Each structure stands twice: as C-alpha cells, then as structure tokens.
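Q: this one's sequence-less:
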C-alpha cells in the first residue's frame, strides 16, 4: 500500500515546538467520504495558532530535507502554562484546501464527486491526501481550479458572516480592522454589492490607496495623527455600532468603542453619565497583536467586547444559512471571493525556518499557498 | 410660596467640580405625579459618577454652612476631555429614595397614594421634596418605614436581574465580585431561596466569614495565594459561565474567564486551540476600580466582556417582568432586601469634604443614607 505524508505540530514536555511530517497509509474513504488529492491549501492566520502555539518563531531552526525536515522553536516561557493541554499531542494542521476527488465511499453523494475539483474544510489539509465527509466539501464550478478554490471556506464565510452577524444583532453598518487583507477586500466587495456601509481601518497609506481603488468609501488610517477624529467622522456618517477586529490586542477595540460613543454624542440630547443607550460591540476574530486587550471603558455601559469564531457562528446560524452562504461562495469564487497569494510553496518548504519567518510575519495582504504536488 | 432645596453637581468650564444646593419653589405634581417628602435616600456607587464625575476627591474642600455649603474639587486633567459634554450643566443627583406622599395630581392612581409611605426611583432625590410619576413609585407594605424602603430599587432590582440575565442568556450559575456588599448579601439570599449556585469573590477574611455565616457555599478570597485554584474549583463545581463584576478595572474579569476556561478544560475531550465552546461572559456593572480593564484572551474564542446597566436591562425585559420583580421587592423588603447603613447624614453633611472623603472610599459593605429631614 502506498504511503502519504501529513504535517504535524507537537509541543514537547520540555517546552519546544516540533513540526514534522508523519508517513501514513493512503487513507480509505468511509461511505460518506471522499478522498481528495490536495493540490492547494492556504496558510491562514487561523492556522498559525495550531501550527505554532506560543512558540518564539524568531528563534526557529529547521534541519533535514524533503519530508524528513523538522522545524523546532522554543515556547515562550510565559505561555507554557496554558499550552500544557497540548503537551505530547501530535496535531494535524491546515483548516481548508482544494484538490481532486480520486476515490469515494459507497454512498451516492460521495460517488457523485469522483473526478471533481472540490474545496474542503476539515482540518489536516497540510498533506498529500485527505478523506473528508461530503458535507464538508464544496464542488467548484466548471472552470475553477484547485488554486481558485483553495480558500473557499475560512475567508469567504468569515466575510459573509460579518454582515450576517450585523443583521442578526440589530446593527446597520460595520467597522473592520486590518481592512486591506484578503478578507478585508472580500468584505468590501460584499458590502458594496449588498449596500452595507463599511468603515475600513488600515495602517498604511498604500492600503488606503488599494481600498480606494476598489471603490471603498470610508477608509481610516490608524497611523494618522487625526485617526480618532477620522474614525469618529466615519462612524457618525455610517451609524456603525458593530466592529470586527483582527488584531485583538492593544487599545484598538477600545478606541473603536470610544469613537462610537463620541459619534453617538453628536446627536443632540441630554448628557447621560451612563453613556449612549444603543449597544456598541467589537468582536475580536483574530489575534495579530498577541498583547492584552486594554479597555478604558470611557464609553458608558452599553458596550461589549468578545471573541468571534466562524464555526461557533455557523453552528448557531443553522443549515439553511450555511447552504445559502456556501452557494454564494461557489458562484462568486473568481470575483467577490478571489484570493491572491504572495507565494506558492511545497509542503517541505512550509517547514523551512526562513520561509516560516516570512509567512509568520502576517503582513496585511500577504498570504502563502501550499501546493503539495510541488 | 415655600422654598425647597435640591443638591446639584456642576462641572465648570475651567475643570472644577462644584456641588451645592439650589433653592427652588415647592414642586407641584402633574396629573400622574405625586409629591414626596423625601425622608431617606441612599448614596449608591451608581450615584458617585453623577455626583463627582472624574473629580479628585482627595483634594476636595468645602465651605459654608447648611444649604449654603459648597464643595469643590479639581477634575483629573486626563479626564477633562470626556467630561466636556457636562461642562456648565447643573445636574440634580440621587437615583432613589423614600418618603411620604404629601400631595398628588388629579389622577386616581396619584390620589390613591396620598399619605402613603413610598419608595421612588427617578433621579434628583437628594432634596427635600420630589415630584415623581406614579409608575416610578413603589408603595411600601404596612410596617415599613422610609428608611426600610430607601434602597428599594437600585440594589434589589440589580440583584434580582442577575439571575434574570442568567436565565435569559442560557447560563445556570453565577459568579459575583465584591460579594460582601449590600448587593452581594441580597444576591446570596436570592440565590439560596431560588436554588441558584453562586460563587462569591471577596477580598478579605472577614468578608469570607460574613458570607459563610449567611450560609453561602462558595466563597473565594482574591487575596489568597491560591485564589485562581480556589476560583477554578468553585466554577467547576457550579458550572458557572456568567459573572457580574463590580470592580470593572484591572485583570479580575480576565481572571474569571481564565478560571472558567480552566474549569471547562477539566471535562475530558480533545484539545482545541480555539478553546471551550460554551460562551463565557463577564458583565461589568460597576467601576470600583477605575483603571483600564485588561484582558489576556487566554480563554479561547467563546467569551464576552461588556457593560451591564440596570435600566437598559429592565427596558429590554418588559413590563411584566418589571412588575413581578418590584412586587417581590415590596414583599421581602425587610428580609431578602434589607439594607444596612454605616451612617445617616443630613443633606448639608453630604457636601462636607471630610464626610465626602469617607463615603467616596466605597468600602465593601459601607453605605451612607441621607435623611433630608435632619
């Protein structure tokens, strides 16, 4: 029986991250599963946590060639406590990807997919082959390649679920940080198509230009001296009371809430020590900044900050919403949901210390694609 | 026409807090209003914000006697920006109180209250007389004095609304901080009567003893070296995923979420980088600690922190719930909802700088009552 390889992340009892490849038998699909030959699988920010835990990647080293390559890095001492539950567990990685269905279980749904190019979400995608339940598979439209479909789930569904969350929680406009990212660009296309006002927060002038060229109306640069005034103006113009923040740490969430409160205070009314009554919410869906979130609470009492995770939201949203959103992704894969990749690398490349340091920098707009057939 | 006095809080354009009494005509009730001779009105933590804004009370001075007394204190320079909306506005203070109905408007509901001892919530209670709409009035049961009923709204309804929030958001047990406070003692009596598990967080051994003597089962002292272990044990035993925090600032909210996450991790299951799935929530309903809230986010993605304000919750809860809760307060005023006061002072006393410094210390379990008839 032929052997295949799968990337693994291990945290050793003595506090080291060890990433490597395991050799395993070719997986065999169960009745409702298909076997996918993985041809394209992106490295998303949401993969970094599983891959690297709290390791200090600046100290990473790698040795060995091909599938014998091993990457090692020390775990930050301060994080060892909360990494304990992972000690000694060899975890597969890679949330999503795309490829060709080369075998299928006996069910009709599985058999119907043989030979098709499909996207899939199911973890353990950083490998040559992967068995996935048909429910986690999205058949691509004719003319779409595996590379086109590699990022069909995480970013597209996240971007679609921001307006879904907005509507379900009674808000009417959105604020988004790290807004020039692949995800941010998708969100701009969705909001423009659906007529939703979106305030884009970026950090650099070239990101302002990129979004302006896409037709974005509200763009605020957090590096500008008058950032808070710009942000308050944009929030006042849009009436946004909901924000999604990719950075997580520092004072950005608090600054957004302060700007929402200042915008609300522009509407004439009696002063209230308890602040504006409309609920103001910031969801932290990423952790680009690993430092603590600092909230100064200078925005009255009607506010919330919390984590936001796509699978949790989709589980609450129900099957009908899930199908509606996935159908839209398949139809608009090369337009609304087009992804751009900085570089395409092999599986062993993905454990090369120098390359890891490049993609771990998580620069806005940069994204790496693993092609296991290279 | 006879003149009456009302306490006012003013922030001057040059950054000073100025508290004083205004002399005004005896108010005249409209059709649906009653005129209450105020006999007892508590100084709650929720009154401090309106009274003192961001003033530095350690530098407060007072001069003058009786209703000519004026209290002055400088505003913290760092807070002047967000106090701007208050500049030049003379605000009445005092959220709640009790007294005798000495006149009433022509409506039947108002007329029926003449001569009754009632509690009222409606602001501007720090004065000798106050007109209030009958909807904001709670007639006391026979045998209850104005002092018994002075704190009928803020603490009792807040304590009752914690379990209401718990049920409406799908939680089954509670964590409460500053748990030896008047409010915390009420919450213990409610939870014991209603069979709700409550984790009490206090700061001192004598507070542990006080709550233990009341029959509290889970009491954790945040000054103990093994606080986090104690807290995790108590949260694991109760399954609490909702906390109400009176302190607001610092890391306590984050510590509670960390303990909830650690408690969840004790239930066997695969390691998940995204943390436990059950939503964990901390509501900040007070701000005893004015420093920023610091969240380390070491508790996965299913968590939230936010402000919680009684009037906002009651507005959402609807009339039926409001009536049910008020009826319970009236019936259990001398048992479940009994309040204890450290000192009873006159209106002019409440603006004496030395006395202000005492009640502004906001020590757990200490509460001052203003008696405008003194």
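A: All right, it came through fine. Nothing here was measured: the structure is a model prediction, and the numbers come from that model. Numbers count the residues shown, from 1 in each chain, chains lettered A, B, ... in the order given.

Q: which residues of the stretch 201-350 of chain A lie near chain B?
A: A:248-249, A:254, A:265, A:271, A:273-275, A:277, A:281, A:284-285, A:287, A:292-298, A:300-309, A:311-312 (Cβ under 8 Å from any Cβ of the partner chain). Glycine gets a C-beta too; all of them are placed from N, C-alpha and C.

Q: for residue A:337, which three-state class applies?
A: For residue A:337, the assignment made with DSSP: H, G, I helix; E, B strand; the rest coil gives coil.

Q: correct me, but it touches residue A:329?
A: Yes. Contact criterion Cβ atoms under 8 Å: residue A:337 and residue A:329 qualify, at 5.6 Å.

Q: now the common contact residues for these two.
A: A:152, A:156 (Cβ atoms under 8 Å, 6 or more residues apart in numbering or on different chains).

Q: tell me how far stretch A:161-180 lies from the chain's centre.
A: With Cα atoms, centre = their mean, to the nearest Å as the basis, stretch A:161-180 stands 15 Å off its chain's centre.

Q: next one: stretch A:114-132
A: With Cα atoms, centre = their mean as the basis, stretch A:114-132 stands 18 Å off its chain's centre.

Q: where along the stretch 51-200 of chain A do the strands fall?
A: All strands of the stretch 51-200 of chain A, identified by DSSP state E, counting those that start in this stretch, fall at A:61-63, A:70-74, A:90-92, A:96-104, A:117-121, A:129-133, A:137-139, A:173-177, A:197-202.

Q: any part of the fifth one near chain B?
A: No. Contact between strand A:117-121 and chain B, assessed by Cβ under 8 Å from any Cβ, is absent, since the two come no nearer than 14.1 Å.

Q: can you pull up the bridge partners for the closest residue to chain B within the stretch 101-250 of chain A?
A: Residue of the stretch 101-250 of chain A nearest chain B, by Cβ to the nearest Cβ: residue A:248 (6.3 Å). Following DSSP bridges, residue A:248 is listed with bridge partners residue A:289.

Q: now do the same contact list for it.
A: Contacts for residue A:248 (Cβ under 8 Å, 6+ apart) come out as A:284, A:286-290, A:293, B:297.

Q: hang on, the earlier thing: could the strands of the stretch 51-200 of chain A be laid out in TSV, adding mean neighbour count and mean pLDDT?
A: As requested, the strands of the stretch 51-200 of chain A are exported to TSV (neighbours: other Cβ atoms under 10 Å in any protein chain shown; pLDDT from 0 to 100):
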stretch	mean neighbour count	mean pLDDT
strand A:61-63	14	97
strand A:70-74	19	96
strand A:90-92	16	92
strand A:96-104	23	98
strand A:117-121	25	96
strand A:129-133	21	96
strand A:137-139	19	94
strand A:173-177	25	98
strand A:197-202	26	98
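
Q: out of the ones you listed, nearest to residue B:49?
A: Of all those, strand A:173-177 sits nearest to residue B:49, with 27.2 Å by Cβ to Cβ.

Q: so what touches the closest one?
A: The contact list for strand A:173-177 (Cβ under 8 Å, 6+ apart) reads A:162-163, A:166, A:184, A:187, A:191, A:196-201, A:222, A:235, A:238-247, A:252, A:256, A:282.

Q: would you show me how to pick out the buried ones of the residues of the stretch 201-350 of chain A next to chain B in PyMOL?
A: The following PyMOL line selects those of those that are buried, judged by 16 or more other Cβ atoms under 10 Å in any protein chain shown:
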select buried, chain A and resi 248+249+254+265+273+274+275+281+284+285+287+292+293+294+295+296+297+298+300+301+302+303+304+305+306+307+308+309+312
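
Q: so which of the residues of the stretch 201-350 of chain A next to chain B are in helices?
A: Secondary structure from DSSP state H places A:254, A:265, A:311-312 of these in helices.

Q: what pLDDT does the spatially closest residue to residue A:180 that is not a sequence neighbour get?
A: In space, and not counting its chain neighbours, residue A:180 is closest to residue A:207: 3.7 Å by Cβ to Cβ, 6 or more residues apart in numbering or on different chains. With respect to pLDDT, residue A:207 scores 97.

Q: quick check: residue A:207 vs residue A:234, distance?
A: Distance, residue A:207 to residue A:234, using Cβ to Cβ, to the nearest Å: 15 Å.

Q: contact partners of the helix or strand of chain A with the lowest mean pLDDT?
A: One helix or strand of chain A scores below all others by mean pLDDT, DSSP states H and E: helix A:80-83, with a mean of 73. The contact list for helix A:80-83 (Cβ under 8 Å, 6+ apart) reads A:11, A:15, A:53-54, A:75, B:298.

Q: which one (most neighbours) among the residues you listed?
A: Within the contacts of helix A:80-83, residue A:11 tops the neighbour count with 25 neighbours, counted by other Cβ atoms under 10 Å in any protein chain shown.

Q: is that residue in contact with residue A:90, as I believe?
A: No. Using Cβ under 8 Å, residue A:11 makes no contact with residue A:90, being 9.4 Å away.

Q: report the contact partners of residue A:257.
A: Taking Cβ under 8 Å, 6+ apart as the contact definition, residue A:257 lies against A:280, A:282, A:295, A:299, A:303, A:305.

Q: again, 10 Å this time
A: A:241, A:243, A:275, A:280-282, A:295-300, A:303-305, B:307 (Cβ atoms under 10 Å, 6 or more residues apart in numbering or on different chains).

Q: spatially nearest residue to it (excluding sequence neighbours)?
A: residue A:299 (4.4 Å).

Q: for that neighbour, grab the count of nearby residues.
A: Burial of residue A:299 is recorded as 23 neighbouring residues (other Cβ under 10 Å).

Q: same question, residue A:227
A: For residue A:227, the number of neighbouring residues by other Cβ under 10 Å comes to 16.

Q: do the one 5 residues further on as well
A: Residue neighbour count, defined by other Cβ under 10 Å, stands at 22 for residue A:232.

Q: that one: which element?
A: Per DSSP states H and E: residue A:232 is located in helix A:227-238.

Q: got the angle for that helix vs strand A:197-202?
A: Angle of helix A:227-238 versus strand A:197-202, following axes from the mean of the first three to the mean of the last three Cα atoms, to 10 degrees, is 160 degrees.

Q: any idea which helix or strand comes after helix A:227-238?
A: Sequence order places strand A:242-245 as the next helix or strand after helix A:227-238, per DSSP H and E.

Q: for that next one, which positions count as buried?
A: So, applying 16+ other Cβ under 10 Å, buried residues of strand A:242-245: A:242-245.
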